[in-house]
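K.L.:
Quick one, structure for this:
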Amino acid sequence: MTRRVLLAIVLLLLAPFGTVAQGDAGALLDRVAETAAKLQDLSCLLVGRLIDSDGTEIALEIELRTIPPEGVASAYLLQPDALADNIIVLDGDTVASYTFLTHQVTLFDADDPDALGGLIGSGEDGRLDITFDLQKLFAGFAATLDGESDTPYGPASVVRLDNVEEGAVIAWVAATIPESTLLPYRLEFHGADDALLAELYLEDLQTDVGLDAAEVSYLPDDAEILDERAER
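P.N.:
You can find the predicted model right below:
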């Protein structure tokens with residue numbers, strides 16, 4: 001369960017899908033969407049914890065980098081230890097998964113339903129859409145304002161996003177959005193019984209610093225390549 005939740009969260013952040021929002025929540029998410037649409041690149045350290053079904057807490061630390069206009073993103077896993085030094089790269093119509101223990105890179109088509117255990121969906125024309133627009137990140141979630149909070153980036157609003165799909169692993173999410181960045185800072189993922197599945201923070205946030213696509217999509221040159229993509 002923990003590995004599935006972890007991959008679901010990582011791929012939700014990097015390979016998003018539309019949100020149903022009304023009133024003030026909708027207005028705020030519209031502003032977040034405008035900010036996300038203007039991003040040339042973004043990097044941050046995703047830190048937090050995963051809570052397993054038996055109550056065990058697992059530390060999470062992932063270096064995220066993305067260049068949305070070029071459809072490139074990467075997630076370098078530092079924690080949990082079992083997945084340390086693994087890398088997931090999204091590059092247009094291809095998903096690459098590097099496994100440190102086997103020193104192998106497996107390539108999938110972005111629209112392959114079996115890619116990474118079937119946890120991702122594709123965007124238009126089989127390409128992956130990369131965005132921090134919460135209205136696209138959470139397909140089928142209903143959004144409402146749920147108070148305010150203080151963050152290292154200043155005052156923030158909290159938006160609750162409820163999944164309308166019954167039986168989903170992630171039932172609802174609380175997103176903390178600082179006014180100064182208009183990008184998500186804190187995300188809480190909850191299960192159907194309101195149990196906390198994960199608590200994540202986007203720290204060391206940097207935007208529009210001129211990231212290079214080749215560096216973002218880098219994978220070890222000498223790794224064995226397992227190509228699971230359809231013939232081209």
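K.L.:
low-scoring stretches of this structure, by residue?
P.N.:
1-23, 113-130, 139, 232 (pLDDT under 70).
K.L.:
for it, what spans make up the helices?
P.N.:
2-14, 23-38, 134-137, 213-216 (DSSP state H).
K.L.:
Could you report the distance from the closest residue to Leu78 other than its chain neighbours to Asp54?
P.N.:
Spatial nearest neighbour of Leu78, chain neighbours left out: Glu61 (4.1 Å); criterion: CB to CB, 6 or more residues apart in numbering. No exception for glycine: its C-beta is placed from N, CA and C like everyone else's. Here Glu61 is placed at a distance of 22 Å from Asp54 (CB to CB, to the nearest Å).
K.L.:
which residues in the protein form strands?
P.N.:
19-21, 42-51, 57-67, 72-79, 87-91, 94-99, 104-109, 141-151, 154-163, 172-178, 186-190, 196-207, 224-227 (DSSP state E).
K.L.:
Of those strands, which is nearest Glu34?
P.N.:
For Glu34, the closest of the strands of the chain is strand 172-178, at 12.7 Å, according to CB to CB.
K.L.:
orientation of that closest one relative to strand 196-207 in degrees?
P.N.:
30 degrees (axes from the mean of the first three to the mean of the last three CA atoms, to 10 degrees).
K.L.:
Against which helices or strands is strand 172-178 packed?
P.N.:
strand 141-151, strand 154-163, strand 186-190 (3 or more CB pairs under 8 Å, 6 or more residues apart in numbering; DSSP states H and E).
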